[in-house]
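Okay, here's the prediction I keep looking at, along with the sequence it came from:
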Amino acid sequence: MRKLVVVITLLYTAAAVAALGFISNWFRAGLALGESAIVTTLVVSLPVVLLVAIVAYWRYSERFTLLLVAIIVGSAGYVLKTHHDAYGEWLPSVAADVETSGTARLNTSSGELLYRLELHNPGTVAHREYLIVTRGGRDRRIRLPLFGDTRSGYVSAKVPGDWIVLRPTADASVVEAETGRFLFVRKSFRVDLRTGEATLLAAKSEN
């Protein structure tokens, strides 16, 4: 009984931590609604699982062991269903299909920065779009909610401006991002490079 408690607790903990890191790009990316629900479930369930596991182990209790199994099965089932409802897949794809705009340069009052747009799994329900900004030798990965559904399309970029254009603002750590002509959706964002927050300014569908 105790061996079972230890094994399932360690397996669940490892799986939950790996899932938290994977869906948030190791906590560097913003979270969509479905991902937030998954993260909340895992963050809440982990301490509960550990607490119940400790009680089940030290008391050698069959009742607490069954409760532990129920919590693990319930939270894992909810996470899988939430991911499936949000992305059409039970588990996230490890090998992502990534297309990039190529790297562009922007001069700001604090110096030059490099940036590019990456489309992960484009055309699928698991798509994600990231603005990668390099400043002072450090990369910042920022989630941009460009495509609302899989029908949104694009043409491969010949130059970075075909997909994304950054413009400086009065604040050196804030830029404006606007989609280019080869993305079939017109959106602009205010992007805070300090916090990684992208705020939608305008959107006009061209599908």
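Structure's in. What do you need?

who's residue 142 bridged to?
When bridges are called by DSSP bridges, residue 142 pairs up with residue 131.

Tell me, how many residues neighbour it?
Around residue 142 there are 22 other residues, counting by other CB atoms under 10 Å. Just so you know, the C-beta spots here come from the backbone N, C-alpha and C atoms, and that holds for glycine as well.

what comes into contact with the worst-scoring helix or strand of the chain on mean pLDDT?
Lowest on mean pLDDT, DSSP states H and E among the helices and strands of the chain sits strand 197-205, with a mean of 83. Residues from elsewhere that reach strand 197-205 (CB atoms under 8 Å, 6 or more residues apart in numbering): 30, 131, 142-145, 176-177, 185-192.

ChimeraX command for the buried members of those residues?
In ChimeraX syntax, the buried subset of the contacts of strand 197-205 is picked out as below (16 or more other CB atoms under 10 Å):
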select :30,131,142,143,144,177,185,187,188,189,191
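
where are the low-confidence patches of this structure?
Applying pLDDT under 70 to the chain flags residues 24-35, 86-89, 92-96, 125-126, 149-152, 205-207.

domains in it, as residue ranges please.
Domain assignment for the chain by automatic domain parsing gives 2-87, 98-205.

which stretches of the chain form strands?
Per DSSP state E, the chain carries strands over the ranges 98-100, 104-108, 111-120, 128-135, 138-143, 164-168, 174-179, 185-192, 197-205.

Name whatever forms a beta bridge with the closest residue to residue 174 other than its chain neighbours.
Excluding its sequence neighbours, the residue lying closest to residue 174 (CB to CB, 6 or more residues apart in numbering) is residue 192, at 5.5 Å. On the basis of DSSP bridges, residue 192 is bridged to residue 174, residue 197.

So that it lines up with my notes, have the first residue be 43 from now on.
Understood, numbering begins at 43; the last thing we discussed is residue 234.

In contact with residue 234, which residues are there?
Contacts were defined as CB under 8 Å, 6+ apart; by that measure residue 234 touches 215-216, 240-241.

if we can go back for a sec, wait, which of the strands of the chain is closest to residue 124?
Among the strands of the chain, the nearest to residue 124 by CB to CB is strand 170-177 (16.4 Å).

just checking, what packs against that closest one?
strand 153-162, strand 180-185 (3 or more CB pairs under 8 Å, 6 or more residues apart in numbering; DSSP states H and E).

Give me the angle between the last one and strand 227-234.
Read that as strand 180-185. 130 degrees (axes from the mean of the first three to the mean of the last three CA atoms, to 10 degrees).

what does the first one give?
Here strand 153-162 runs at an angle of 130 degrees relative to strand 227-234 (the same axes, to 10 degrees).

distance between strand 153-162 and the chain's centre?
17 Å (CA atoms, centre = their mean, to the nearest Å).

Okay, now the sheet partners of that strand, with direction.
Note on strand 153-162: by DSSP bridges, its sheet partners are strand 140-142 (antiparallel), strand 146-150 (antiparallel), strand 170-177 (antiparallel).

Tabulate those (JSON lines), appending distance to residue 103.
Below are the strands paired with strand 153-162 laid out as JSON lines (distance: least, CB to CB, whole Å):
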{"stretch": "strand 140-142", "distance to residue 103": "48"}
{"stretch": "strand 146-150", "distance to residue 103": "61"}
{"stretch": "strand 170-177", "distance to residue 103": "43"}
